[in-house]
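Peer 1: quick check, what structure comes out for this input:
(chains A and B)
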Amino acid sequence: EAGVAQSPRYKIIEKRQSVAFWCNPISGHATLYWYQQILGQGPKLLIQFQNNGVVDDSQLPKDRFSAERLKGVDSTLKIQPAKLEDSAVYLCASSPRDGQGEPQYFGPGTRLLVL
Amino acid sequence: GEDVEQSLFLSVREGDSSVINCTYTDSSSTYLYWYKQEPGAGLQLLTYIFSNMDMKQDQRLTVLLNKKDKHLSLRIADTQTGDSAIYFCAESIPMDSSYKLIFGSGTRLLVRP
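Peer 2: Below you'll find the model as predicted:
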């Protein structure tokens, strides 16, 4: 079974530029998550989708971050414009359902550096 | 509140046991997880325990849960150099219509040959 795929793996941009990340979850997984992991910290949830609907985006900085999940499968996360403090690893995860005890499976992440 | 605390660093000799500790604050936690992260990689699920259990064993891994003290530990028996990584504790807490994971900051395990 293929795992969660993410691209690109690395991205370097200047502040005020825009950037987009792509995630393809495990086939058949209904729930998709985007996390931000700042160096030295644990992942922090940005947004959670159930199929193509948003379940939780309370931690997403909506003035600059946006995310969508096309047809309930792939997802993109966009930052526009980027700030220095957005430098982090952006992790995508998926789980079969959104039920109690459902483990989340993580992709390798996209490492973003904002200069 | 939602907070998960872990010690930052642990160093052990190859073949010894490792014990990584975690404390959490939210009493509504339903499941607690241990993830492993190797350099440049995503998080790999190691094991998890339901909050009404006090122990779970899976090969070299033993998870102990003290729900009264909100304390979780991961014991790795016969630690190998390949176990060197960052280990994250996470609690699953219910939201309005879903659940979310709250992660600790991770414990870096270094296994010395």
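Peer 1: quick one: secondary structure of the residue in chain A positioned nearest to chain B?
Peer 2: Going by C-beta to the nearest C-beta, chain B is nearest to residue A:42 of chain A, at 3.1 Å. (Glycine included, C-beta is placed from N, CA and C.) Using DSSP: H, G, I helix; E, B strand; the rest coil, the structure places residue A:42 in coil.
Peer 1: count the neighbours of it for me.
Peer 2: Residues lying near residue A:42 (other C-beta atoms under 10 Å in any protein chain shown) number 22.
Peer 1: list the contacts for the spatially closest residue to it that is not a sequence neighbour?
Peer 2: Distance criterion C-beta to C-beta, 6 or more residues apart in numbering or on different chains; nearest residue to residue A:42, sequence neighbours excluded, is residue B:103 at 3.1 Å. Residue B:103 is in contact with A:42-44, B:4, B:35, B:88-90, counting by C-beta atoms under 8 Å, 6 or more residues apart in numbering or on different chains.
Peer 1: which phi and psi does the residue of chain A closest to chain B have?
Peer 2: Dihedral angles of residue A:42 (phi, psi; degrees, to the nearest 10) stand at phi -80, psi 160.
Peer 1: my guess is it meets residue B:91, correct?
Peer 2: No: using C-beta atoms under 8 Å, residue A:42 is not in contact with residue B:91; the gap is 11.1 Å.
Peer 1: now do the shared contacts for those two.
Peer 2: What both residue A:42 and residue B:91 touch, as defined by C-beta under 8 Å, 6+ apart, is the set residue B:4.
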